[in-house]
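Enquirer: I would like the atomic coordinates for the input below:
(one chain, ligands or ions: 2)
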Amino acid sequence: MLVIKDLHKSYDTGKSKLHVLKGINLNIGEGEFVSIMGSSGSGKSTLLNIIGILDEKDSGIYELDGIAIEHLSEIRAAEYRSKFLGFIFQSFNLIGYKNALENVALPLYYQDVPRKERNKRAMDYLEKVGLADWATHMPNELSGGQKQRVAIARALITDPKVILADEPTGALDSKTTYDIMKLLQEINNNGKTIIVVTHEPDVAAETKRNVVLRDGIIESDTFITQRVLA
Ligand code: ADP
Ligand code: MG
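Expert: Ligands and ions are numbered 1, 2, ... in the order given. Coordinates of the predicted model:
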């Protein structure tokens, strides 16, 4: 599903170059549930953004579903993102002037799906995340956990190959974190590949494989016994 070989990434910070990723090697197969940990500034988001085709590597290999991700035009990058990837962020990134249903349906708008079909599918996904009764509510009328559920429904609606989540529970209390991780476990149990960046060991323990970044390389990469949430 995802092949990364000797991947490097630096940022130009004016005077000096900041070498953030110094040779990352990582293979992730279909249906995996992987957490990426590491101290603040260790390059977790940088790696996730490269995987998500939101940022470009400097060198090395990155293949997504057999396709080499290399020197893409912005149009092609957007096409691959919309075809292969679903994103979940710490800050939810919902559109404030659109209701829950419209937020979930939005990715289908960019895929030219007719409006009636968009709304029908958005309603199905709102149901899957337990928010069928909240379809016409605006983001500012929803709790943090509900907003993240809307974001998860939005990420799923295009049936992406991989869900990428950057600190999805970072803004949530522990009970809500539990509920969101339980939902992600359900989604993974239905076959979806998920990669989640987190600094919370509890969250990592609820995935199936834990990768730790340190000093620009992968310090450890371990298949773990998943703590299953009931
Ligand atoms: P993490 O998500 O693990 O906290 P990041 O990947 O966000 O780490 O950042 C890794 C390092 O790269 C940090 O030192 C950060 O300041 C730096 N960095 C991230 N993005 C940029 C950028 N666009 N320009 C310059 N430096 C950046
Ligand atoms: Mg980060």
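Enquirer: might you report the residue contacts of E30?
Expert: 1, 161, 191, 193 (Cβ atoms under 8 Å, 6 or more residues apart in numbering). All C-beta spots, glycine's among them, are computed from the backbone N, C-alpha and C.
Enquirer: actually, A100.
Expert: 126, 131, 134-139, 142, 150.
Enquirer: burial count for the closest residue to Y62 other than its chain neighbours?
Expert: Spatial nearest neighbour of Y62, chain neighbours left out: I69 (4.6 Å); criterion: Cβ to Cβ, 6 or more residues apart in numbering. The number of residues packed near I69 is 21, by other Cβ atoms under 10 Å.
Enquirer: next to ligand 1, which bits of this structure? Give me the list.
Expert: Neighbours of ligand 1 within the chain, by Cβ under 6 Å from any ligand atom: 11, 13, 18, 20, 38, 40-46.
Enquirer: tell me the secondary structure for V212?
Expert: Per DSSP: H, G, I helix; E, B strand; the rest coil, the secondary structure class of V212 is strand.
Enquirer: give me the pLDDT for it.
Expert: With respect to pLDDT, V212 has a value of 98.
Enquirer: ok, now how distant is it from S45?
Expert: For V212, the distance to S45 equals 15 Å [Cβ to Cβ, to the nearest Å].
Enquirer: what about E32, how many neighbours?
Expert: With other Cβ under 10 Å as criterion, E32 counts 19.
Enquirer: show me what contacts it?
Expert: Contacts of E32 by Cβ under 8 Å, 6+ apart are 1, 193-194, 208-209.
Enquirer: looking at these, which one is closest to I50?
Expert: Distance to I50 across the contacts of E32 (Cβ to Cβ) is lowest for M1, with 15.3 Å.
Enquirer: so who does the closest one touch?
Expert: Contacts of M1 by Cβ under 8 Å, 6+ apart are 28-30, 32, 64-65, 161-162, 193.
Enquirer: and if we set it to 10 Å?
Expert: 27-32, 63-66, 84, 161-162, 193 (Cβ atoms under 10 Å, 6 or more residues apart in numbering).
Enquirer: pick out the residue of the protein closest to ligand 2.
Expert: Here the residue of the chain nearest ligand 2 is S45; by Cβ to the ion that distance is 3.2 Å.
Enquirer: got the residues of the protein near ligand 2?
Expert: By Cβ under 5 Å from the ion, the part of the chain that sits against ligand 2 consists of 44-45.
Enquirer: just the ones of the residues of the chain next to ligand 1 in helices?
Expert: Assigned to helices by DSSP state H, the following of those qualify: 44-46.
Enquirer: and those residues, which is closest to E186?
Expert: Once Cβ to Cβ is applied, the member of these that ends up nearest E186 is K44, at 24.2 Å.
Enquirer: which one is that closest one nearest to, not counting chain neighbours?
Expert: V197 is the one closest to K44 (Cβ to Cβ, 6+ apart), at 4.5 Å.
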